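Trainee: turn this into a model:
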Amino acid sequence: MVKKRIATLIAVLVTGSLVTGTAPPHAEAGRPGAGGPPAAGSAPLPGVDLDTVTIPQLQARMAAGSLTSSALTRAYLRRIETVNPTINAVLRTDPTALRQAAASDARHRRGDTLGPLDGIPVLLKDNVDTRGLPTTAGSLALAGSPPDTDAALVTRLREAGAVILGKTNLSEWANFRSTKPTSGWSAVGGQTHNPYVLDRNPCGSSAGSAAALAASLSQVAIGTETDGSIVCPAGANGVTGHKPSLGLVGGAGVVPISAEQDTAGPMARNVTDVALTLSVLSGGKTAWHGVPGRADGPRNSHGLRGKRIGLWRLPSLGAEVDAVMTRTAARLRTAGAEVVEVTPPYQKRLAELEFPALLSEFHRDIDAYLATRKGPRDLAGLIEFNRTHPAEQTCFAGQELFEQALAAPPTTDPEYRAMRAELTDLSRRSIDETLAAHHLDAIAAPTNPPAWTTDCARGDNDVIPSSTPAAVAGYPSLSVPAGSVGELPVGLLLTAGNRQDTRLLSLGAAVERRLDAWRAPRYLPSVGSGASR
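Mentor: From the prediction side, this is the model:
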């Protein structure tokens, strides 16, 4: 039954995007020459544009025998070899990747594929335990020995036939070490650069996963989020990222911050690939039926007609971002959506409570994780490691969050328990009440400001409120490209109610098609080195 459902799913997607001749939303924008580093970028695959191809299109070619997973995997490995030195997003490739691809090719020849991800290359953030590959969370403290077992989500990917291509850099300890961190930097991997403008920050902490996708170094990637760490990098790097409902994707084997908020999630260059990857990560708990109206071709706009979307403008992110939101609202209205302006309540109180709660949860959860690995056995040992290893201090020396977490009340403390209960209640009400009061299908907000310059001495400049309600509530959110400020991408963050992931992805696919905002990066050294648009 499972194989039959998956085969039907692929058939629906292929019919929608291939048989009718419908191009992906941004096919023309990604043509060779529209962007990319020196000729380096394009690994030759006849008839396949790595920037714009979707999983259903790849599966259709593999089913027809005109493409193999081995050829696709080699193309991505060549692209990593030539492009990654410019952006430093991929830490290491898996030496077994081509062997995994060959096994997928054998399944395709037998007509015995395992699902939509069979033979599809996937990059994993380097805080996801991967058997036989170092998993470091960016820290030298974990660099000695690889984990003995795969994280639960990696097991799911392997069982689905995905090719584990390698590991991506991240903000060390998922940006939960210093009060003045620099996103995209780790002692293990150094600094990841934003492919659009190389002196700009990729946002954190799934920085390497997002930058690698922007540079077309893999078909999909896995990120993780506690608050903003999937969606902000997706927005800043012009790709799509989904933070699933809490618990939809198993967290075992992922380096933690807080079990109350942490989740892994899929990232890709389009919503279809994100949705298909989520169906695997969730063990089939989500279903995906493609873009509404896709089978009828691009003339059909029923995907947005009658939808009600609440626009949370967040003017604190600046006039240029607000102008992107104004243009976005106009395009959605033209497609038949009703857009009303909203301001979700309780945001100030959420900001006051979230950080103290995370400190207590991090101490509990990191101690439990470190007990499974070789190296420091607890948070106190980790703090001592950082004090005695100068390489951990080459970008920023601080580990104030570690020290505050060590002193935080335990999660058995009544004051902490009251804090987390209030957080959960207010965050869910902030979304539920807003959706109900305005009869909304989703709340929309800017995902990110234009990427700031990377500066180890100053640290990040990224106060971004839009991700917090869904992150704290455990509700799903999805960032899709909305436009740009000059050369720098801005995402649109869509938030929906609990376990509404499939409906949110369906809406996101229709929004993606209408906005058609993706464009290839140009790898400019700085914003002054090329024409802005």
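
Trainee: give me the neighbour count for the closest residue to S66 other than its chain neighbours.
Mentor: What sits nearest to S66 in space, not counting adjacent residues and going by Cβ to Cβ, 6 or more residues apart in numbering, is G47, at 7.3 Å. From N, CA and C alone the C-beta is placed, and that goes for glycine too. Neighbour count of G47, defined by other Cβ atoms under 10 Å: 9.

Trainee: check P44 too.
Mentor: By the measure other Cβ under 10 Å, the count of residues near P44 is 8.

Trainee: one step back: tell me the secondary structure of the residue nearest to S66, please.
Mentor: Put simply, G47 is coil when judged by DSSP: H, G, I helix; E, B strand; the rest coil.

Trainee: excluding chain neighbours, what is closest to R349?
Mentor: Per Cβ to Cβ, 6+ apart, closest to R349 is L426, 5.8 Å.

Trainee: how near is that neighbour to R333?
Mentor: 31 Å (Cβ to Cβ, to the nearest Å).

Trainee: so for those two, which sits in the more crowded spot?
Mentor: L426 (18 against 13).

Trainee: and S206, what is it in contact with?
Mentor: Under the criterion of Cβ atoms under 8 Å, 6 or more residues apart in numbering, the neighbours of S206 are 125, 168, 170, 221, 223-225, 229-230, 233-234, 241, 267.

Trainee: what is the nearest residue to it once chain neighbours are set aside paired to in the beta sheet?
Mentor: Distances taken as Cβ to Cβ, 6+ apart place G223 nearest to S206, at 3.0 Å, with adjacent residues excluded. Bridge pairing for G223 (DSSP bridges) gives the partners G265.

Trainee: number of nearby residues for G398?
Mentor: Considering only other Cβ under 10 Å, G398 is surrounded by 15 other residues.

Trainee: still on that earlier bit, which residues does the residue nearest to R349 contact?
Mentor: With contact taken as Cβ under 8 Å, 6+ apart, L426 is in contact with 346, 349-350, 353.

Trainee: buried only: go through these for me.
Mentor: The neighbour count (16 or more other Cβ atoms under 10 Å) marks 346, 350, 353 as buried among the contacts of L426.

Trainee: excluding chain neighbours, what is closest to the last one?
Mentor: Setting aside the residues directly before and after it, L353 is nearest to L423 in space (Cβ to Cβ, 6+ apart), at 4.9 Å.

Trainee: after whatever helix or strand the one you found lives in, next one along is what?
Mentor: Per DSSP states H and E, L423 falls inside helix 414-438. The helix or strand immediately downstream of helix 414-438 is strand 442-446, counting by DSSP H and E.

Trainee: so which residues make contact with that following strand?
Mentor: With Cβ under 8 Å, 6+ apart as the criterion, strand 442-446 contacts 235, 307, 309-314, 317, 321-322, 324-325, 328, 339, 342, 344, 431, 434-435, 466, 482, 490-496, 504, 507.

Trainee: can you flag which of those belong to helices?
Mentor: 235, 321-322, 324-325, 328, 431, 434-435, 504, 507 (DSSP state H).

Trainee: turn the buried ones among the contacts of L426 into a markdown table, including pLDDT and secondary structure.
Mentor: What follows is the buried ones among the contacts of L426, written out as a markdown table (pLDDT from 0 to 100; DSSP: H, G, I helix; E, B strand; the rest coil):
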| residue | pLDDT | secondary structure |
| --- | --- | --- |
| Y346 | 98 | coil |
| L350 | 98 | helix |
| L353 | 98 | helix |
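
Trainee: which one among the residues you listed gets closest to H108?
Mentor: L350 (48.1 Å; Cβ to Cβ).

Trainee: the closest one and G238: what is the separation?
Mentor: Relative to G238, and taking Cβ to Cβ, L350 is found at 28 Å.

Trainee: do the same with T182
Mentor: Distance, T182 to G238, using Cβ to Cβ: 21 Å.

Trainee: same question, V122
Mentor: 20 Å.

Trainee: picking up where we left off before, could you turn the buried ones of the contacts of strand 442-446 into a ChimeraX selection?
Mentor: Buried residues among the contacts of strand 442-446 (16+ other Cβ under 10 Å), as a ChimeraX selection:
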select :235,307,309,310,311,312,313,314,317,321,324,325,328,339,342,344,431,434,435,466,482,490,491,492,493,494,495,496,504,507
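
Trainee: can you get me a residue count around G250?
Mentor: If we define neighbours as other Cβ under 10 Å, then G250 has 17 of them.

Trainee: typo on my end, E352
Mentor: Number of residues near E352 (other Cβ under 10 Å) recorded here: 12.

Trainee: how about K348?
Mentor: K348: 9 neighbours (other Cβ under 10 Å).

Trainee: low pLDDT regions in the chain?
Mentor: Where the chain drops to pLDDT under 70, the residues are 1-43, 287-302, 528-533.

Trainee: which stretches of it form strands?
Mentor: 90-93, 121-125, 163-168, 185-186, 190-191, 220-225, 240-243, 263-268, 308-311, 338-341, 442-446, 477-485, 488-495 (DSSP state E).

Trainee: buried deepest among the ones you listed, which one?
Mentor: Ranked by mean neighbour count, the strands of the chain are led by strand 240-243 with a mean of 32 (mean count of other Cβ atoms under 10 Å).

Trainee: hmm, back to that, let's have the contacts of L426 in JSON lines, adding distance to D365.
Mentor: Shown next, in JSON lines, are the contacts of L426 (distance: Cβ to Cβ, whole Å):
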{"residue": "Y346", "distance to D365": "25"}
{"residue": "R349", "distance to D365": "24"}
{"residue": "L350", "distance to D365": "21"}
{"residue": "L353", "distance to D365": "18"}
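
Trainee: tell me the contacts of the closest residue to A151 other than its chain neighbours?
Mentor: Among residues not flanking A151 along the chain, G253 sits closest, at 2.8 Å (Cβ to Cβ, 6+ apart). Residues near G253 by Cβ under 8 Å, 6+ apart: 128-129, 147, 149-154.
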